[in-house]
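Q: Okay, here's the prediction I keep looking at, along with the sequence it came from:
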There are 10 protein chains.
Amino acid sequence: MLFHVRMDVQLPPAMPAAQADELKKNERELAQGLQRSGKWRHLWRIAGQYANYSVFDVESVDELHTLLTSLPLFPYMKIEVSPMCRHPSSIRDTDT
Amino acid sequence: MLFHVRMDVQLPPAMPAAQADELKKNERELAQGLQRSGKWRHLWRIAGQYANYSVFDVESVDELHTLLTSLPLFPYMKIEVSPMCRHPSSIRDTDT
Amino acid sequence: MLFHVRMDVQLPPAMPAAQADELKKNERELAQGLQRSGKWRHLWRIAGQYANYSVFDVESVDELHTLLTSLPLFPYMKIEVSPMCRHPSSIRDTDT
Amino acid sequence: MLFHVRMDVQLPPAMPAAQADELKKNERELAQGLQRSGKWRHLWRIAGQYANYSVFDVESVDELHTLLTSLPLFPYMKIEVSPMCRHPSSIRDTDT
Amino acid sequence: MLFHVRMDVQLPPAMPAAQADELKKNERELAQGLQRSGKWRHLWRIAGQYANYSVFDVESVDELHTLLTSLPLFPYMKIEVSPMCRHPSSIRDTDT
Amino acid sequence: MLFHVRMDVQLPPAMPAAQADELKKNERELAQGLQRSGKWRHLWRIAGQYANYSVFDVESVDELHTLLTSLPLFPYMKIEVSPMCRHPSSIRDTDT
Amino acid sequence: MLFHVRMDVQLPPAMPAAQADELKKNERELAQGLQRSGKWRHLWRIAGQYANYSVFDVESVDELHTLLTSLPLFPYMKIEVSPMCRHPSSIRDTDT
Amino acid sequence: MLFHVRMDVQLPPAMPAAQADELKKNERELAQGLQRSGKWRHLWRIAGQYANYSVFDVESVDELHTLLTSLPLFPYMKIEVSPMCRHPSSIRDTDT
Amino acid sequence: MLFHVRMDVQLPPAMPAAQADELKKNERELAQGLQRSGKWRHLWRIAGQYANYSVFDVESVDELHTLLTSLPLFPYMKIEVSPMCRHPSSIRDTDT
Amino acid sequence: MLFHVRMDVQLPPAMPAAQADELKKNERELAQGLQRSGKWRHLWRIAGQYANYSVFDVESVDELHTLLTSLPLFPYMKIEVSPMCRHPSSIRDTDT
């Protein structure tokens, strides 16, 4: 099942650089593992913003929520989730 | 180059069914041709809405604008375009 | 899987009363069938508005979209869908 | 009487983890007691957010306000309340 | 129980004057009856707008919804309802 | 002259409890004096929020502004003022 | 007493030119009479919009509402009213 | 040339009272000088808010920007500027 | 003096094609004349929308308003005007 | 390819003046270099705001994103990007 997710990151200006770097490094590793597993199907940077558009391919809403809240940057993100389904004009049976 | 596009369709309630069907049939044919060419890279229905999230892969902004305004439903759509680029945490060189 | 849905209905002022009544009668029959099947788990009127809050319990996003777009009033509704999951403080394994 | 409530929690980034844990533990205990009493009829997590949709079943608006303001997380929540009533298409006399 | 209600009226520009006058006359009669009964406790015009702020004193949300939807202008109004309760700094036991 | 006022209070999370209590105690005393004088005609709590709907009955806009800015919580409040007048469907000459 | 008023005019596209001209002519005459009387103290066009910022100097909110609703264009305007008072840094006792 | 300006002031709660007083004193002196020069043509307090509506009469946009950014409170203000011109229904050649 | 202008065009769906074409032809001729005169300094299409970002270089706000309201599409446009001035980091004395 | 960019700067009130000055100095140098290279084609101050409208002329979205995120003030800016293309009524082949 596909979900469209937008994440906007806002780190507190007072966060020490070392802590921010550690957070981002852990975030990247987790994100890359989820991409390799096929759960985090797409990940694009929105130009000019500390934000991304993503597409997740998961078995259930619970699985999606568990993945999102496990992200190290979760406490610093505003997240919007939109469930998606196959478009009747798509040329594919499933557009992942 | 990748662009994230959201399209919301609003047909006038008074439009005759035959005219609406003709518009949608033409829209589908054009959309499927653009998908086959690789320009309209993704097309997903947003659940519960007459709307879609799409990803276009084009050579320039001009090409994107020409494609969008050539859609038969263009006069009845609200369209938002967001330029996207490769995310530093992506595991792919280009995530199309 | 549970989805929170808000539906706001807006019939065109010029719609003949007979047509509106027919639409509402068909909507009610379909809505009641879906409630009996357990798919449309809750249906509440929002006080003072021609709108409702609903909870759907479906197998997939595709099933939800098919149900919503099959409603006779769908062309006249603004619909917002929010995926939900079990709350960690809930006293139930599944709160339907 | 049924009320639809949305709660968005925002803890200050600088709050010590121990204080946050204590708050959440107390919140959970109170929430579970209210669920057992039937006052907090439904409690769902909104996917990807530190937020919930809830349904309360209370005798009066005063009772609802007293319950909500007694929550340990109340000072850190944005709360929206919508009064609801039986929907004419519901198959139940009361849909709690 | 007290509810704060804001009503914004928008009559279609094409509505014949006679029909609008009939609607307003019926609305006024019903509104005055509800005021006399004590259900529609306050009714104020918002300066410069075809809108009002009202306070209703009813037994339940159902009663409020039934009153509001019985208004002849209901199909032409946007209505927002806010449940209210006694303020701890009020000098009265009940401020109706 | 009647003015509809909505006040939303937002105390800084870091404010010491003693300071907050002192502010609220002074606010209450001033609010109750203004209610007794008839200037602060109504004061209702909005359910689930640290906010109120109020109605002031004053001689002039200047008097209203002086009253509002004299409130101890004024620096921590977001205030919206709407001038109101007698509604043509009111059953009273003046609905205070 | 001074009130800041913003008026946005929206005439229906289908209104015959003669009717629009008649409305505007009557509006102008009334507006100029109110300016001469000192009630409509300032009237400025907002650049690029069919809208104005105005300042009214009236005895009461009721008088303001009566003036605004007597305007021929009132049914086609969106109006926002903000009560104003003397600014403590003003160099005038009353800035009309 | 006339410009409509709205200024909303938001001082940080943690600013020492002496610093705030100094800022306000300097702001007042500058504001009064600009009023005497005729540049800051009107200055009104918005009732119930730490905000003002102003009208500036300047030679150019550059001059306006220089004046606004020279205000001691500028770093703590949200400012909106709307260019205005003579209204065709005005009874004055220039309504300053 | 430079003004940033955004124009969004919305033609009524029921407008006959011939009338729309005539309007657009006249609009183009006037727009091109103003560009040649240097008044309409820049004109860009916003991708995917029937809208443009423009920069005007005029002597006064009155001249800007006269130009904008003389456009044949003016009655069908939503227009937002922002006054601009030289940026302190610009490498040009005047960036037209 | 042209992109319309709006940047709103918000420095934390607690940032030491020396740090702010250093940031602004570096920002200016980088901005001027990008203007000289032709990448940052226009840079205008929005009157009364710590904000600018800019036009970038770049080879790709990736290049735009790299430029924007390299700005020293990037962590303190809210940035909105709109892709633009040649307007059919433009008198130039490319309006940079």
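A: Thanks, I have it.
Q: For the rest of this, base every contact and every neighbour count on C-alpha atoms.
A: Will do.
Q: in which helix or strand would I find residue A:88?
A: Under the assignment given by DSSP states H and E, residue A:88 is not contained in any helix or strand.
Q: how far does stretch A:53-61 stretch from start to finish?
A: 18 Å (Cα to Cα, to the nearest Å).
Q: can you tell me if it touches chain D.
A: Yes: counting by Cα under 8 Å from any Cα of the partner chain, chain D is contacted by stretch A:53-61 at residue A:61.
Q: Give me the buried positions along that stretch.
A: The neighbour-count check on stretch A:53-61 (16 or more other Cα atoms under 10 Å in any protein chain shown) flags A:53-58, A:60-61 as buried.
Q: Who does residue A:51 form a beta bridge with?
A: residue A:8 (DSSP bridges).
Q: For chain A, which segments count as helices?
A: Here chain A has its helices, by DSSP state H, at A:17-36, A:61-69.
Q: Please identify the most buried of the ones you listed.
A: Of all the helices of chain A, helix A:61-69 carries the top mean neighbour count, a mean of 19, counting by mean count of other Cα atoms under 10 Å in any protein chain shown.
Q: Measure how it sits relative to helix A:17-36, angle-wise.
A: Orientation check (axes from the mean of the first three to the mean of the last three Cα atoms, to 10 degrees): helix A:61-69 against helix A:17-36 gives 150 degrees.
Q: Of the buried residues of stretch A:53-61, just say which sits nearest to residue G:87.
A: Residue G:87 has its nearest neighbour among those in residue A:53, at 47.3 Å by Cα to Cα.
Q: Quick one, grab the pLDDT at that closest one.
A: For residue A:53, the pLDDT comes out at 98.
Q: I'd guessed it sits against residue A:47; true?
A: No: counting by Cα atoms under 8 Å, residue A:53 sits too far from residue A:47 to count as a contact (10.5 Å).
Q: Could you count how many residues lie near the residue in chain A positioned nearest to chain I?
A: Closest to chain I within chain A is residue A:47: 15.1 Å, counting by Cα to the nearest Cα. Residue A:47: 27 surrounding residues under other Cα atoms under 10 Å in any protein chain shown.
Q: Which phi and psi values does it adopt?
A: Backbone torsions for residue A:47, taken as degrees, to the nearest 10, come to phi -60, psi 130.
Q: per-residue confidence for it?
A: On the pLDDT scale, residue A:47 gets 98.
Q: how much space is there between it and residue J:38?
A: From residue A:47 to residue J:38 the distance is 20 Å (Cα to Cα).
Q: Check residue A:51 too.
A: 27 Å.
Q: between these two, who's got more neighbours?
A: Remark: of residue A:51 and residue J:38, residue A:51 carries more neighbours, 19 against 14, as counted by other Cα under 10 Å.
Q: Confirm for me that residue A:57 is in contact with residue A:43.
A: No: between residue A:57 and residue A:43 there is no contact under Cα under 8 Å: 12.0 Å.
Q: show me what contacts the residue nearest the centre of chain A?
A: Chain A has residue A:54 as the residue nearest its centroid, 5.1 Å off, counting by Cα atoms, centre = their mean. Contact analysis of residue A:54 by Cα atoms under 8 Å, 6 or more residues apart in numbering or on different chains lists A:4-7, A:40-44.
Q: closest to chain C out of the helices of chain A?
A: Nearest of the helices of chain A (Cα to the nearest Cα): helix A:61-69, 5.4 Å.
Q: Give me the distance from that closest one to the chain's centre.
A: Centre-to-centre, helix A:61-69 and its host chain are 10 Å apart (Cα atoms, centre = their mean, to the nearest Å).
Q: So which elements touch that helix?
A: Other elements packing on helix A:61-69 under the criterion 3 or more Cα pairs under 8 Å, 6 or more residues apart in numbering or on different chains; DSSP states H and E are strand C:77-86.
Q: now the strand it packs on against strand A:77-86, angle please.
A: 110 degrees.
Q: can you tell if strand C:77-86 touches chain B?
A: Yes: under the criterion of Cα under 8 Å from any Cα, strand C:77-86 makes contact with chain B via C:78-81.
Q: Ok, stretch A:27-39 next?
A: Yes: Stretch A:27-39 comes into contact with chain B (Cα under 8 Å from any Cα), by way of A:28, A:31-32, A:35-36.
Q: Same check on stretch A:11-23?
A: No: Stretch A:11-23 does not reach chain B (Cα under 8 Å from any Cα); its nearest approach is 12.9 Å.
Q: next one: stretch A:86-96 to chain centre, how far?
A: 22 Å.
Q: So for it, mean pLDDT?
A: Rounded mean pLDDT across stretch A:86-96 is 90.
Q: pull the CA atoms of that stretch into CSV?
A: The C-alpha trace of stretch A:86-96 is given here as CSV (Å, rounded to 0.1, in the frame of the first residue of the first chain):
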residue,chain,number,x,y,z
ARG,A,86,-3.7,3.1,-8.3
HIS,A,87,-4.8,5.8,-10.7
PRO,A,88,-7.3,4.6,-13.4
SER,A,89,-5.2,6.3,-16.1
SER,A,90,-2.0,4.6,-15.0
ILE,A,91,-0.3,2.3,-17.5
ARG,A,92,1.0,0.1,-14.7
ASP,A,93,-0.9,-2.3,-12.4
THR,A,94,1.0,-0.9,-9.5
ASP,A,95,3.0,2.3,-9.8
THR,A,96,5.6,2.0,-7.1
